[in-house]
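Visitor: pasted the sequence and its predicted model underneath.
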Amino acid sequence: MALYGSIKEDIINGRYKKGDRLTSKRDLAQQLGVSVVTVEHAYHLLEDDGYVVSRQRSGFYVRPADSPDQRGAQRRLLPVVDFKSGFAQYDDFPFNSLSKVMRTVLSHYGESILEKPPNRGCAVLRNALSEYLLRRRGMAVDPERIIVGSGAEYLYMLTVLLLGKDKIYGVEDPSYEKIRLVYAACGAKYELLPMDSCGVCSDALQNTKADVLHVTPFHSFPSGITAPASKRFEYLTWASRAGGIIIEDDYASEFSSGSKPVETVFSMDRNDCVIYMNTFSKSLAPSMRMGYMILPEHLTQSYDSRFGFLSCTVPAFDQYVLAEFISGGYFERHINRRRRRQAGRRK
């Protein structure tokens, strides 16, 4: 559909003139690095909508601009994907593996993918995440405590609903800008906590009025700071003394350069005070809009009683696909390839 939209926009904006012959299917497929079938499908959609006509043994040609089949075609459209650039950062994306998993899900789950997923997310995905976290990160997590949602911003909003907008949220300074924007949009107060080379400055942590501490211990953005074990224990000590909650934002942890992943604050917690968050925006692709959080035991029941009516924001099909992608080992193989590639670049 993206290719169809791109060519249609070119026709509407006059980059193709009436009577112009479109590039042959084979040549365009080779230029864009897509299959001939993809191009053929786009051309036939354009023909169905009256933008082009096909001539036997000759190809596809742009219809005259005043053709009755193009009435109303001068609407202003949004820009579409540029197929000639922007693929470098995704040149290692496991398209073949993902398409295989999608076919498996369609044949195996059938009509189940049409059903509304449970509030917290599909059990098959939460089980897969629980097993992956134990296997890869040493985190023993009850699947019942996992909440699936459509990306980090949604999970930030959900935490404000759960913890309350009357709380003060301590945020790393500098940090990912959307954290502050979401808290402000939800009507919650936040306090910016300056960083040193290890994480939030000890003086700022000791003197903060925050009730909730939102930190990114593995790889804070944009500073790149990774908090050592001593700083992570300091966060937990603060929470214990202040009766506070820690939100551990672990978005890039799959790409730890060490042979052993950095221990999470969640794993170090003995007082049930950490909300753990992660997404697949960095490890797979931002467009997938999938993430999850793990609630402390004492907040799980509160979430159910207060927000059990909310619908899960991730479609069932996407959840089944991700579950199979993780359980089948495809996700970890993809991560390992990415890590090896990054290690090679550093050398």
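Guide: Alright, I've got the coordinates.

Visitor: switch to C-alpha atoms for all contacts and neighbour counts from now on
Guide: OK.

Visitor: quick check: domain ranges of the chain?
Guide: Under the assignment automatic domain parsing, the domains of the chain span 2-85, 101-346.

Visitor: name the helices or strands packed onto the helix or strand harbouring Arg241?
Guide: Taking DSSP states H and E as the definition, Arg241 sits inside helix 229-242. Where contact means 3 or more Cα pairs under 8 Å, 6 or more residues apart in numbering; DSSP states H and E, helix 229-242 is packed against strand 245-249, helix 265-268.

Visitor: let's go with 10 Å and repeat that
Guide: Using 3 or more Cα pairs under 10 Å, 6 or more residues apart in numbering; DSSP states H and E, the elements in contact with helix 229-242 are strand 199-200, helix 202-207, strand 212-215, strand 245-249, helix 265-268.

Visitor: for the last one, packing partners?
Guide: Counting by 3+ Cα pairs under 10 Å, 6+ apart, the packing neighbours recorded for helix 265-268 are helix 229-242, strand 245-249, strand 274-279.

Visitor: returning to that earlier point: make CSV from the domains of the chain and add distance to Pro94 to it.
Guide: Shown next, in CSV, are the domains of the chain (distance: least, Cα to Cα, whole Å):
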stretch, distance to Pro94
domain 2-85, 15
domain 101-346, 7
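
Visitor: out of those, deepest packed?
Guide: domain 101-346 (a mean of 17; mean count of other Cα atoms under 10 Å).

Visitor: quick one on the thing from earlier: and the helices and strands packed on helix 229-242 as a markdown table, adding distance to Asn119?
Guide: Compiled in a markdown table, those are given as follows (distance: least, Cα to Cα, whole Å):
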| stretch | distance to Asn119 |
| --- | --- |
| strand 199-200 | 34 |
| helix 202-207 | 35 |
| strand 212-215 | 24 |
| strand 245-249 | 21 |
| helix 265-268 | 23 |
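
Visitor: what about the ones you listed, which gets the closest to Lys231?
Guide: Lys231 sits nearest to strand 199-200 of all the helices and strands packed on helix 229-242, at 6.9 Å, using Cα to Cα.

Visitor: chain center to that closest one: distance?
Guide: Relative to its chain's centre, strand 199-200 lies at 25 Å (Cα atoms, centre = their mean, to the nearest Å).

Visitor: rank the domains of the chain by pLDDT, which is bottom?
Guide: Of all these, domain 2-85 carries the lowest average pLDDT, namely a mean of 75.

Visitor: circling back to that earlier point, out of the helices and strands packed on helix 229-242, which is closest to His41?
Guide: strand 245-249 (41.8 Å).

Visitor: find the centremost residue of the chain, please.
Guide: Ser281 (3.0 Å; Cα atoms, centre = their mean).

Visitor: that one in helix, strand or coil?
Guide: Of the three states, Ser281 takes coil according to DSSP: H, G, I helix; E, B strand; the rest coil.

Visitor: list phi and psi for it.
Guide: Torsion angles at Ser281 (phi, psi; degrees, to the nearest 10) stand at phi -70, psi -40.

Visitor: wait, it touches Glu254, no?
Guide: No. Using Cα atoms under 10 Å, Ser281 makes no contact with Glu254, being 11.5 Å away.

Visitor: roughly how far apart are Val37 and Arg21?
Guide: 19 Å (Cα to Cα, to the nearest Å).

Visitor: show me where the stretch 51-200 of the chain has its strands.
Guide: For the stretch 51-200 of the chain, strands defined by DSSP state E, counting those that start in this stretch occupy the ranges 52-55, 59-62, 146-149, 168-173, 189-196, 199-200.

Visitor: would you turn those strands into TSV with distance to Phe95?
Guide: Shown next, in TSV, are the strands of the stretch 51-200 of the chain (distance: least, Cα to Cα, whole Å):
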stretch	distance to Phe95
strand 52-55	31
strand 59-62	29
strand 146-149	23
strand 168-173	36
strand 189-196	39
strand 199-200	37
